[in-house]
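Novice: sequence unknown, structure follows:
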């Protein structure tokens, strides 16, 4: 059960209690985060711990394919995350299938970019290790700039690059702006989580000076990471007849259906809901039998006893050649930065605030990127600020689930039948006047440089030196671009500093004092005590 130590305390405690964890593996610097747990805590970087006196021989333990290999907590509609139960047989099938799809060889080097708190990390780890290939483990992967990523690829001859789509798009733009080629060591590019841009695909192809394979990966956590994949050469002349990169065809031992509301297969070209069957289907949700029954169902198309389908909630359609095109969601689940989010969980967290009467959260496209927008009906005489709402949500939700924009309304628009009409909710027209601080213009060159960068990236006519980057709609992907552009202008700052000093005034002061040092991106190699990533 992987737990990100950066999660809010409430979320960590919920996971510990819900999963009934008995043993907690961590490191000494993080033990305080889990002080409220009844689990036995083992700090793996403590050489004095008795665990280091145990035998290093492999355990002679037989594993049943039906036994659970991991629990992954994903966003839930009730306001609490839900745990997906994945079996050993599912993970083994996935690792073997991806090893074949990747054509991994012992001399390959895979960048292990994804945090192990997300199941996509297993797509980097296990196919690589069972192939005898090497994992390249960067420190603070989430804080890497384009320069950092390029340096690691070059320094360690990374041959397989697995990135969330937003990071991939950013890296392609970085290479283009810097006039840099894709390093020749890279032969395989893997993306997933969101729909990759055809335009970015063709731009990346211009940067490749050797044959490179590009794969678009698709799959919910409930079907063991990736269920479908679309593989193609990274070339400019690749034609996408629908101006969209398909999500592909099912992996080995995976079955995919597109069904109508009566659970009947739809003809090729007709949009329906994607259902996934086969060995990758998870056992269900821990302690959630009703939800398991709702999302998992017997497979009416299989003659295998006990076979089940998972209802993805994604819409798709078959192309003439049997690939599947993604066509959106059928419910209120979205993906932000490649991470699946139940909008209901954010709404429930907002409505815990004593000054919020009702809340609705939507994902809106902004400059081609989905952003979360929260619509609120405040309580009478409420005096809410964006800073207060963001701070409150930060106590309950991970940072990627905190909306970029907040819109206060007196009431929500209704349909003729009295239901909330989400289509009529206004577009967020954010102005800095909604912030608590009055506008203050930049006062020196460093502040002017940062203000220009923020205005360009945030698409705002003016930004004050006391304005908070994240209250203006900034996020982790945009923060990386801020750092890269600031470095180009001679301002040496790091992503960590932007999170600690999220105003132009604070960030410029750090740089002026000469303590802004670019984060060193090392790679873990050699023999170390095991510690969580």
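Specialist: All right, it came through fine. The structure displayed is predicted, hence computed values, not measured ones.

Novice: For the rest of this, base every contact and every neighbour count on C-alpha atoms.
Specialist: Noted.

Novice: Give me the distance between the residue nearest to the spatial centre of the chain and residue 120.
Specialist: Residue closest to the average C-alpha location in the chain (C-alpha atoms, centre = their mean): residue 339, at 3.3 Å. Plainly put, residue 339 is 10 Å away from residue 120 if you go by C-alpha to C-alpha, to the nearest Å.

Novice: Report how many residues lie close to the residue nearest to residue 384 when sequence neighbours are not counted.
Specialist: Excluding the flanking residues, the one nearest residue 384 by C-alpha to C-alpha, 6 or more residues apart in numbering is residue 355, at 7.4 Å. By other C-alpha atoms under 10 Å, the residues close to residue 355 number 18.

Novice: repeat for the one 3 residues further on
Specialist: Summarising burial for residue 358: neighbours were counted as other C-alpha under 10 Å, giving 19.

Novice: And for it, nearest residue in space, chain neighbours not counted?
Specialist: residue 377 (5.2 Å).

Novice: again, but for residue 482
Specialist: residue 453 (6.6 Å).

Novice: Counting by contacts, list what the helix or strand encompassing that neighbour packs against.
Specialist: Assigned by DSSP states H and E, residue 453 belongs to helix 445-458. For helix 445-458, the packing partners by 3 or more C-alpha pairs under 8 Å, 6 or more residues apart in numbering; DSSP states H and E come out as helix 476-488, helix 504-512.

Novice: got a list of contacts for the last one?
Specialist: I take that to be helix 504-512. Under the contact criterion C-alpha atoms under 8 Å, 6 or more residues apart in numbering, helix 504-512 has outside partners 446-447, 450-451, 464-468, 491-493, 497-498, 501, 516.

Novice: Give me the residues contacting the helix or strand of the chain with the lowest mean pLDDT.
Specialist: Between all helices and strands in the chain, the lowest mean by mean pLDDT, DSSP states H and E belongs to strand 333-336, at a mean of 76. By C-alpha under 8 Å, 6+ apart, the residues outside strand 333-336 that reach it are 193, 194, 340, 341, 342, 343, 363, 370, 371, 372, 400, 401.

Novice: again, only using 7 Å
Specialist: Contacting residues not belonging to strand 333-336 are listed as 194, 340, 341, 342, 343, 370 [C-alpha atoms under 7 Å, 6 or more residues apart in numbering].

Novice: Next one: the residue nearest to residue 482 from residue 481, what distance?
Specialist: For residue 453, the distance to residue 481 (C-alpha to C-alpha) stands at 9 Å.

Novice: which residues touch residue 186?
Specialist: Under the criterion of C-alpha under 7 Å, 6+ apart, the neighbours of residue 186 are 158, 159, 160.

Novice: I'd say residue 85 and residue 281 touch.
Specialist: No - the pair residue 85 / residue 281 is not scored as a contact, 9.5 Å apart, by C-alpha atoms under 7 Å.

Novice: And those two? Which one has more around it.
Specialist: residue 281 (25 against 22).

Novice: That one: what secondary structure?
Specialist: At residue 281 the chain is in coil, as set by DSSP: H, G, I helix; E, B strand; the rest coil.

Novice: And for it, nearest residue in space, chain neighbours not counted?
Specialist: residue 223 (4.4 Å).

Novice: mind checking pLDDT for that neighbour?
Specialist: Per-residue confidence (pLDDT) for residue 223: 98.

Novice: and it, how many neighbours?
Specialist: 27.

Novice: okay, now the domains of the chain?
Specialist: Annotated domains of the chain cover 1-61, 62-329, 333-429, 445-512 [automatic domain parsing].

Novice: Any stretches of the stretch 51-200 of the chain with poor pLDDT?
Specialist: 78 (pLDDT under 70).

Novice: which residue ranges form the strands in it?
Specialist: 68-74, 82-87, 109-111, 134-136, 160-164, 188-192 (DSSP state E, counting those that start in this stretch).

Novice: returning to that earlier point: out of the contacts of residue 186, who's nearest residue 239?
Specialist: Among these, residue 160 lies closest to residue 239 (C-alpha to C-alpha), at 23.7 Å.

Novice: quick one on the thing from earlier: okay, the residue nearest to residue 384: pLDDT?
Specialist: 92.

Novice: Repeat that for residue 506.
Specialist: pLDDT recorded at residue 506 is 90.

Novice: Out of the strands of the stretch 51-200 of the chain, which is closest to residue 301?
Specialist: strand 82-87 (22.3 Å).

Novice: what angle sits between the closest one and strand 68-74?
Specialist: Strand 82-87 and strand 68-74 meet at an angle of 160 degrees, taking axes from the mean of the first three to the mean of the last three C-alpha atoms, to 10 degrees as the criterion.

Novice: residues touching the nearest residue to residue 2 once chain neighbours are set aside, list them.
Specialist: Once flanking residues are discounted, residue 2 sits nearest to residue 117: 4.9 Å by C-alpha to C-alpha, 6+ apart. Neighbour list for residue 117: 2, 3, 4 [criterion: C-alpha under 7 Å, 6+ apart].

Novice: what about the second one, how many residues close to it?
Specialist: In other words, residue 3. Residue 3 - counted by other C-alpha under 10 Å - has 20 other residues nearby.

Novice: quick one: the closest residue to it other than its chain neighbours from residue 1, how far?
Specialist: Using C-alpha to C-alpha, 6+ apart and skipping residues adjacent in sequence, the residue nearest residue 3 is residue 117, 5.7 Å away. Separation of residue 117 from residue 1 (C-alpha to C-alpha): 8 Å.

Novice: Quick check: bridge partners of the closest residue to residue 466 other than its chain neighbours?
Specialist: Excluding its sequence neighbours, the residue lying closest to residue 466 (C-alpha to C-alpha, 6+ apart) is residue 503, at 5.4 Å. Residue 503 forms beta bridges with residue 468, as assigned by DSSP bridges.

Novice: OK, contacts around residue 503?
Specialist: Counted by C-alpha under 7 Å, 6+ apart, residue 503 has contacts 465, 466, 467, 468, 469.

Novice: Show me which of those is closest to residue 98.
Specialist: Nearest to residue 98 among the contacts of residue 503, with distances taken as C-alpha to C-alpha, is residue 469, at 39.2 Å.

Novice: The closest one contacts residue 502, doesn't it?
Specialist: Yes - Residue 469 is in contact with residue 502 according to C-alpha under 7 Å; the separation is 5.4 Å.

Novice: Can you mark which positions in whichever helix or strand residue 16 is part of are buried?
Specialist: Applying DSSP H and E as the criterion places residue 16 in helix 9-19. Using 16 or more other C-alpha atoms under 10 Å as the test for burial, helix 9-19 gives 9, 11, 12, 13, 15, 16.

Novice: Dump the residues you listed into JSON lines; add pLDDT as well.
Specialist: Converted to JSON lines, the buried residues of helix 9-19 look like this (pLDDT from 0 to 100):
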{"residue": "9", "pLDDT": "88"}
{"residue": "11", "pLDDT": "91"}
{"residue": "12", "pLDDT": "91"}
{"residue": "13", "pLDDT": "90"}
{"residue": "15", "pLDDT": "94"}
{"residue": "16", "pLDDT": "92"}
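
Novice: Check which element follows whichever strand or helix holds residue 258 along the chain.
Specialist: Using DSSP H and E, residue 258 falls within strand 254-259. Sequence-wise, the next helix or strand downstream of strand 254-259 (DSSP H and E) is strand 272-278.

Novice: residues in contact with that next one?
Specialist: 253-260, 266, 308-317.

Novice: among these, which ones are buried?
Specialist: For the contacts of strand 272-278, a burial check counting by 16+ other C-alpha under 10 Å picks out 254-259, 266, 308-317.

Novice: coming back round to it: let me know the average pLDDT across the helix holding residue 453.
Specialist: 90.

Novice: And stretch 276-296, by the same measure?
Specialist: Stretch 276-296 comes out at a mean pLDDT of 97.
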